[in-house]
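1. The sequence and its predicted three-dimensional model are supplied below.
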Amino acid sequence: MKKGAIIAAVILLAAGCLIFTGGLFAGGSLPPMTYEAMRYSVTEPFTGIRIDAHEANIELIPSTDEVCSVAGAATEKFYWNVSVQDGVLTVMSVDERTWVDRLMSHADQPLQIRLPQQEYKTLTIDSRTGDIEVADAFLFESVEITASTGDVVCFASATDHMKIKTNTGDIRVEGVLAGALDLAVTTGRVDVSRVVCTGDLTLSVSTGRSTLKDVACKSFATSGSTGDLTMENVIALDMISIKRSAGDVRFTACDAQEITVETGTGDVTGSLRSAMVFTTKTDTGSVDVPPSTDGGPCRITTDTGDIKITIP
């Protein structure tokens, strides 16, 4: 009886809150929160960029007038602090809205940062909710992007390292030169194309499909729980290492000194550029690989799935 009474009280309280909120909207007691466009011009020199945003789409684009500016939407309770600290342009959102404020309004205008230079040392972005896009006009020493909910699109390059991590959202990296590239997504799709890494490329996926096309790197290592992996013209100087709990793995014209594939449930198919010595194992499925005594080792293991590899 006590448990039932508690559940009933919670339901009545929730219903009361909905009726109260609806009454406020209907009666006009709470006018909609309006956002105004804001724009800051940055005159101090800087070599690094740091963005900390609670709720906003973020765009980094080239400046057309050789002046750095930060533009976005703001209210009395949601605004941006823009400053240069120790040579780093810092843009931080200040969110003092109540939950009712958030129900009543949303800023559609993205946070746009226009940069006059092409080369910078660091780029660090920490975003809670919103998409992120970095234009191809920029070159950084390092890039670190973290997003909770939102897609990340990066066309810029990094001479040292680039790290992109999302919880719920897609990652797209295209036309990039990087020293090392580290990508991680919990739930979302990953697309990597026309990328050259002088170091290692790593990819971690919990749930989602991954596609790599026209990629060159020192080595490529990927792990994941559920999701297909498609690789086209992926060339690794040293090793390709693939681990999946469930999902198909497909090669098209790929190459490496050594290849290892381990998948629980899924087929491993496709083509490689050069001859390799195959070691295969499948519990339920067929195996069709070229016989060869030359080349590096290629080890493929799947619990449930077929293995079929061709070499032109």
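-> Now that the structure is in, tell me what you want to look at.
2. Spell out the residue ranges of the helices in the protein.
-> Ranges of helices in the chain, per DSSP state H, are 2-27, 99-104.
3. Below-threshold pLDDT in the stretch 101-250 of the chain: ranges please.
-> By pLDDT under 70, the low-scoring segments of the stretch 101-250 of the chain are 101-108.
4. how many neighbours does the closest residue to C254 other than its chain neighbours have?
-> Take C254 and drop its neighbours on the chain: the residue closest to it by CB to CB, 6 or more residues apart in numbering is V234, 4.6 Å away. Just so you know, the C-beta spots here come from the backbone N, C-alpha and C atoms, and that holds for glycine as well. As a burial measure, V234 scores 23 neighbours (other CB atoms under 10 Å).
5. what's the distance between T265 and G247?
-> Look at T265 and G247: by CB to CB, to the nearest Å, they are 8 Å apart.
6. quick one, what contacts the closest residue to I242 other than its chain neighbours?
-> Setting aside the residues directly before and after it, I242 is nearest to V261 in space (CB to CB, 6+ apart), at 4.6 Å. Applying CB atoms under 8 Å, 6 or more residues apart in numbering to V261 gives the contacts I242, V249, V268, R299, I300, T301, T302.
7. from what I can see the fifth one touches G285, true?
-> By that I understand I300. No - using CB atoms under 8 Å, I300 is not in contact with G285; the gap is 10.8 Å.
8. between the two, what contacts are shared?
-> Common contact partners of I300 and G285 (CB under 8 Å, 6+ apart): I307.
9. higher neighbour count, the two?
-> Set I300 next to G285 and count neighbours by other CB under 10 Å: I300 wins out with 23 against 17.
10. Which one of T265 and G247 is surrounded by more residues?
-> It is G247, of T265 and G247, that has more neighbours when counted by other CB under 10 Å, with 23 against 15.
11. what separates the more buried one from G264, distance-wise?
-> According to CB to CB, G247 and G264 sit 9 Å apart.
12. Check which residues of stretch 162-180 are buried.
-> Within stretch 162-180, the residues that qualify as buried are 162-173, 176-180, counting by 16 or more other CB atoms under 10 Å.
13. Using CSV, write out every CA atom in it.
-> This file holds the C-alpha atoms of stretch 162-180, laid out as CSV (Å, rounded to 0.1, in the frame of the first residue of the first chain):
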residue,chain,number,x,y,z
MET,A,162,43.8,15.4,-33.5
LYS,A,163,41.4,13.9,-31.0
ILE,A,164,37.6,13.9,-31.6
LYS,A,165,35.2,12.2,-29.2
THR,A,166,31.4,12.2,-29.2
ASN,A,167,28.9,10.4,-27.0
THR,A,168,25.8,10.6,-29.2
GLY,A,169,26.6,12.0,-32.7
ASP,A,170,28.4,11.4,-35.9
ILE,A,171,32.0,12.2,-36.7
ARG,A,172,33.2,13.3,-40.2
VAL,A,173,36.8,14.0,-41.0
GLU,A,174,37.7,14.8,-44.5
GLY,A,175,40.7,16.2,-46.4
VAL,A,176,42.9,16.3,-43.3
LEU,A,177,46.6,16.0,-42.7
ALA,A,178,47.4,14.9,-39.1
GLY,A,179,50.3,13.7,-37.1
ALA,A,180,48.0,11.3,-35.3
